[in-house]
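In: Sequence and predicted structure below; questions after.
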Amino acid sequence: MLKALDVQGLAGGFSLGVVQAGFKLIGKREQEGGFGIPAMDENRHLLGDDWDIEACAPSQWTPVKTDLLFGNPPCSGFSKMSISYGSEWRETVNQAIWDHIHFAAKCDPTIVIFESVQGAFEQSREMMQALRAVLEEESGHKFDLYHVLHNSAVLGGVQDRPRYFWVASRVPFGVELPDPAAEPQTMRERIGDLQHADLGSVEGHMPLSAPRCVRLGNLAAGAPWYEGEHSGKAWMRNQSIEVDSGDRNITGGFTGKRPRYDKPSWVLDGYAPTKWVHPVLPRTITLREAARLMGFPDDWKVEPYTTTQVRSKWFGKGVTVEAGRWIAEAAHAALAGQPFSYSGVEIGVDEYLIDATAKSGDMDQDQALFSLSELAKN
């Protein structure tokens with residue numbers, strides 16, 4: 001069986017997709033703090049049990065021979081906000097990506113993959129090329145570089161989540177392009193049955209009890225709050241609702257929002273379990289609903305996410321299971337000597353662009369956040 005090593009794969013979505021694609025997980029390497037490790041450790045019944053864990057400084061990670069090395073190193077340096085912070089700051093926060101590549105060179109993989117936002121390619125193609133050059137120099141092997149643009153919503157997922165896979169391969173590599181005529185799932189199709197399920201009847205089907213969740217639930221119960229809106233809109237309609245009018249959790253940068261039931265989901269970020277209100281119910285989404293939106297099956301245990309509010313952020317930090325499985329299936333086929341048919345357009349020396357972002361329908365993008373002062377003008 002082909003082997004795969006998780007290096008900064010975070011909270012398990014990518015790893016589960018890789019295992020579903022037919023790989024044997026042999027290890028997990030995370031930085032100090034072990035982000036997401038308890039969730040993966042609790043779900044060995046789905047991930048296999050023959051893999052070790054190391055959570056320490058990257059310089060202390062133990063190399064191990066593997067066919068595929070994959071991960072999701074933090075990508076803050078490519079966010080829109082980071083542009084204003086300057087190149088020096090971006091280089092610092094992108095160190096995790098360099099750590100990923102330096103370590104990969106020690107493990108003699110045939111294919112290396114990491115996921116990031118599309119800005120990693122659109123803004124920093126030179127850095128992506130430099131990562132390949134370092135991998136080649138330190139490993140002593142030649143790699144072709146594939147820039148794979150994709151969207152989870154057209155890969156069987158429910159999130160309109162445009163992302164980027166950096167793929168370096170020593171063997172011919174290709175993907176199966178998604179069917180452009182296939183309609184993406186909607187939130188109702190993915191979580192609608194839980195609308196009528198008693199809270200607690202399914203493992204993890206409970207909203208968090210954080211003060212923000214309570215305030216947003218009260219607001220949803222007491223004021224008109226339409227699908228697609230942020231909480232500031234609803235609060236402006238009924239300011240008698242007992243919330244702190246200066247609380248940014250209601251009206252500012254971390255405002256709550258109510259997604260549309262019959263559309264694909266917005267990108268589920270780390271704060272979603274505490275700021276997303278159910279499309280039709282007066283409560284925030286449950287951890288089980290968040291898990292489903294990330295592609296996890298109902299036998300993926302979410303109890304580890306409930307220990308602290310910080311852990312609930314794990315759902316929004318990582319790769320959807322569907323996207324992870326899709327790229328891992330392509331890697332598995334390539335390693336088996338039967339690469340999938342589409343290898344992209346050559347855009348440089350042994351460098352290819354694969355665009356798998358075909359959209360179906362009019363998937364909605366998240367709107368700009370409302371501030372209280374902006375709302376007051378309307």
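Out: Looks like it arrived, so ask away.
In: where does Phe121 land in three-state SS?
Out: helix (DSSP: H, G, I helix; E, B strand; the rest coil).
In: just checking, it touches Tyr146?
Out: No: taking contacts as Cβ atoms under 8 Å, Phe121 lies outside contact range of Tyr146: 10.7 Å. The C-beta positions use only the backbone N, C-alpha and C, and glycine is treated the same way.
In: Could you report the neighbour count for the residue lying closest to Cys213 once chain neighbours are set aside?
Out: Computed as Cβ to Cβ, 6 or more residues apart in numbering, the closest residue to Cys213 that is not its neighbour in sequence is Thr284, at 4.4 Å. By other Cβ atoms under 10 Å, 27 other residues sit near Thr284.
In: returning to what we had before: compare neighbour counts for Phe121 and Tyr146 and give me the winner.
Out: Tyr146 (25 against 19).
In: Checking my notes, the more buried one in a strand, right?
Out: Yes: counting by three-state DSSP, Tyr146 is found in a strand.
In: low pLDDT regions in this protein?
Out: 75-93, 239-254, 308-310, 358-378 (pLDDT under 70).
In: quick one, what contacts Gly337?
Out: Contacts were defined as Cβ atoms under 8 Å, 6 or more residues apart in numbering; by that measure Gly337 touches Val171.
In: measure it to Arg163 for me?
Out: 28 Å (Cβ to Cβ, to the nearest Å).
In: Repeat that for Gly34.
Out: The gap separating Gly34 from Arg163 is 24 Å, by Cβ to Cβ.
In: Those two: which is more packed in?
Out: Set Gly34 next to Arg163 and count neighbours by other Cβ under 10 Å: Arg163 wins out with 23 against 15.
In: Assess the claim that that one and Phe114 are in contact.
Out: No: assessed by Cβ under 8 Å, Arg163 is found out of contact with Phe114, at 10.8 Å.
In: For Trp61, give me its contacts.
Out: Trp61 neighbours (Cβ under 8 Å, 6+ apart): 7, 29, 54, 103.
In: Could you rerun that using 6 Å?
Out: Neighbour list for Trp61: 29, 54, 103 [criterion: Cβ atoms under 6 Å, 6 or more residues apart in numbering].
In: What is the nearest of these to Thr307?
Out: Ranked by distance to Thr307 (Cβ to Cβ), these are led by Glu54 at 21.3 Å.
In: In terms of secondary structure, what does the helix or strand harbouring that closest one contact?
Out: Applying DSSP states H and E as the criterion places Glu54 in strand 52-55. Contacts defined by 3 or more Cβ pairs under 6 Å, 6 or more residues apart in numbering; DSSP states H and E place strand 52-55 against strand 24-30.
In: Partner strands of the strand it packs on, with direction?
Out: Applying DSSP bridges to the sheet, strand 24-30 is found paired with strand 3-7 (parallel), strand 52-55 (parallel).
In: so Val167, which of the three states?
Out: Of the three states, Val167 takes strand according to three-state DSSP.
In: That one contacts Tyr146, doesn't it?
Out: Yes: taking contacts as Cβ atoms under 6 Å, Val167 lies within contact range of Tyr146: 4.0 Å.
In: Next secondary structure element downstream of the strand holding Glu54?
Out: strand 68-71.
In: thinking again about what came up before, just name the closest of the contacts of Trp61 to Arg190, please.
Out: For those, the nearest to Arg190 is Arg29 (31.2 Å; Cβ to Cβ).
In: burial of that closest one, as a residue count?
Out: 26.
In: What distance do you get for it to Ala21?
Out: From Arg29 to Ala21 the distance is 20 Å (Cβ to Cβ).
In: Then Gly295?
Out: Counting by Cβ to Cβ - Gly295 and Ala21 are separated by 13 Å.
In: just Asp355 next, same as before
Out: Taking Cβ to Cβ, one finds Asp355 at 21 Å from Ala21.
In: next one: Arg125
Out: For Arg125 relative to Ala21 (Cβ to Cβ), the value is 27 Å.
In: out of these two, which sits in the more crowded spot?
Out: For Arg125 versus Ala21, the count of surrounding residues by other Cβ under 10 Å is larger for Ala21: 20 against 16.
In: Count the residues that sit near the closest residue to that one other than its chain neighbours.
Out: Excluding the flanking residues, the one nearest Ala21 by Cβ to Cβ, 6+ apart is Ala328, at 3.6 Å. With neighbours defined by other Cβ under 10 Å, the count for Ala328 comes to 27.
In: circling back: save the contacts of Trp61 as JSON lines, and put in distance to Met236 too.
Out: Listed next are the contacts of Trp61 as JSON lines, based on distance: Cβ to Cβ, whole Å:
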{"residue": "Arg29", "distance to Met236": "48"}
{"residue": "Glu54", "distance to Met236": "50"}
{"residue": "Phe103", "distance to Met236": "50"}
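In: Out of the residues you listed, which is nearest to Ala291?
Out: Looking across these and measuring by Cβ to Cβ, the closest to Ala291 is Arg29, at 23.7 Å.
In: State whether that closest one and Leu10 are indeed in contact, as I suppose.
Out: No: shown here, Arg29 and Leu10 do not form a contact pair, counting by Cβ under 6 Å, at 11.4 Å.
In: Would you map the strands across the stretch 51-200 of the chain?
Out: 52-55, 68-71, 111-116, 144-151, 162-169 (DSSP state E, counting those that start in this stretch).
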